[in-house]
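S.K.: sequence-free structure coming up:
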């Protein structure tokens, strides 16, 4: 793989990582907003996040409102993650950028479920409220968090195949080159993208948001192992990855709009 191809691969993957994160976060936040509006719970947008302003002791906080507000958005993300996997498997368009976008989108949707469970229980916020109002004891919540880490880790089996089959050349994913290809298409973009989000929201983000960003790294731990490429269906196009400038403009516009709202 030439230096130019490595650069284009990583830059394209970073752009799609950020774009897919925004796309995955929109239904999560929109559902959060409409559920809060349904129960007359007041909100405000601050530093790229919707914040609840209704006091803790308000009578608006009922069993059903808490369970709905802090449970449904994450469960919706779980459903969308499974739908995205189906779309990826059945995608007729097999161009590299399209498949790579779906692979990142699936990972972000998964993280908004599994990562929300892990971060919520660790910080006793957000998804932890959902569990507490279901009267699930702390010991059980700890076990749920551990199970969440294990299950999220196990999703790496899909991550390995979904990312490496975006290659249009089999030599890139043979035993000698596969780890290098995964480094430029997965590891480097994920590390850079994750810490980019942390940097943008720091110091206004809370511990929950920072842990949620870092839980994205969990599925990658197991992807270092070699994956047999013989049964992997590669993309048909022969072009290398190219950054999509329309997506770049969308990302910049999205960040600026939220910054000045």
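M.R.: That came through fine. Because the structure is a prediction, the values reported are computed rather than measured.
S.K.: measure residue 49 to residue 209 for me?
M.R.: Counting by C-beta to C-beta, to the nearest Å, the separation of residue 49 from residue 209 is 7 Å. For the C-beta atoms, the positions are set from N, CA and C on the backbone; glycine is no exception.
S.K.: no, scratch that, I was asking about residue 107
M.R.: In terms of C-beta to C-beta, residue 107 sits 17 Å off from residue 209.
S.K.: Check residue 137 too.
M.R.: 26 Å.
S.K.: And for residue 255?
M.R.: 16 Å.
S.K.: between the two, who's got more neighbours?
M.R.: residue 209 (21 against 14; other C-beta atoms under 10 Å).
S.K.: what about residue 142, helix or strand, and which?
M.R.: Secondary structure from DSSP states H and E places residue 142 in helix 138-154.
S.K.: Against which helices or strands is that helix packed?
M.R.: helix 116-123, helix 127-132 (3 or more C-beta pairs under 8 Å, 6 or more residues apart in numbering; DSSP states H and E).
S.K.: what mean pLDDT does that helix have?
M.R.: The average pLDDT within helix 138-154 is 91.
S.K.: Flag every buried residue along it.
M.R.: 141, 144-145, 148-149, 152 (16 or more other C-beta atoms under 10 Å).
S.K.: list the buried ones in the following helix or strand past that helix?
M.R.: With elements assigned by DSSP H and E, the helix or strand that comes after helix 138-154 is helix 156-164. Neighbour counts over helix 156-164 (16+ other C-beta under 10 Å) mark 156, 158-164 as buried.
S.K.: where does the stretch 101-250 of the chain have low pLDDT?
M.R.: In the predicted model of the stretch 101-250 of the chain, residues 156-157, 202-204, 231, 236-240 satisfy pLDDT under 70.
S.K.: thinking again about what came up before, out of the buried residues of helix 156-164, which is nearest to residue 194?
M.R.: residue 159 (14.6 Å; C-beta to C-beta).
S.K.: Would you mind stating the distance between the residue nearest to that closest one when sequence neighbours are not counted and residue 197?
M.R.: Nearest in space to residue 159, with sequence neighbours left out and distances taken as C-beta to C-beta, 6 or more residues apart in numbering, is residue 219 at 5.1 Å. Distance, residue 219 to residue 197, using C-beta to C-beta: 17 Å.
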